[in-house]
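S.K.: sequence and predicted structure are below.
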Amino acid sequence: QMQLQESGPGLVKPSQTLSLTCTVSGGSITTNYYFWNWIRQPPGKGLEWIGYIAYNGIIYYSPSLKSRTSISSDTSKNHFTLQLNSVTPEDTAVYYCVRGDYTDYRYDYWGQGTQVIVSS
């Protein structure tokens, strides 16, 4: 059974870097043809796509966050990570890691989400 689990600090100070890891079980992150996403939902707002790393290592970022975002993976640990630099309180959100399927571009597996609060 495919499972995704986010982990990382729940509280980050403004101007610091938010770092999250998504550990995947039940399948390899290098399996064709999946792409591994970070998506967030600020309080009272809709879902916002942050970026993804694909099974072949290709990475795409949201244009609005690209300058502050870095996504990477460690295939030996079967996990992928998100780093968001220079955070502000507007980055407060529930952060999800999500698997996408290139064959139909559906998001088919979601982590439970992790709350991150940016506050001093």
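M.R.: Structure's in. What do you need?

S.K.: so who does Gly26 touch?
M.R.: Gln1, Met2, Gln3 (CB atoms under 8 Å, 6 or more residues apart in numbering). All C-beta atoms are positioned from the backbone trio N, CA, C, and that covers glycine.

S.K.: next, format the residues you listed as a markdown table and append neighbour count.
M.R.: Shown next, in a markdown table, are the contacts of Gly26 (neighbours: other CB atoms under 10 Å):
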| residue | neighbour count |
| --- | --- |
| Gln1 | 6 |
| Met2 | 11 |
| Gln3 | 12 |
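
S.K.: any idea how far Thr101 is from Asp108?
M.R.: You called it Thr, but residue 101 is Asp. 5 Å (CB to CB, to the nearest Å).

S.K.: Val87 too?
M.R.: 29 Å.

S.K.: with neighbour numbers in mind, choose between these two.
M.R.: Val87 (18 against 11; other CB atoms under 10 Å).

S.K.: tell me the secondary structure at Ser67.
M.R.: helix (DSSP: H, G, I helix; E, B strand; the rest coil).

S.K.: coming back round to it: which ones among the contacts of Gly26 are found in strands?
M.R.: Members of these lying in strands (criterion: DSSP state E): Gln3.

S.K.: which one of the contacts of Gly26 is nearest to Lys77?
M.R.: Gln3 (14.7 Å; CB to CB).
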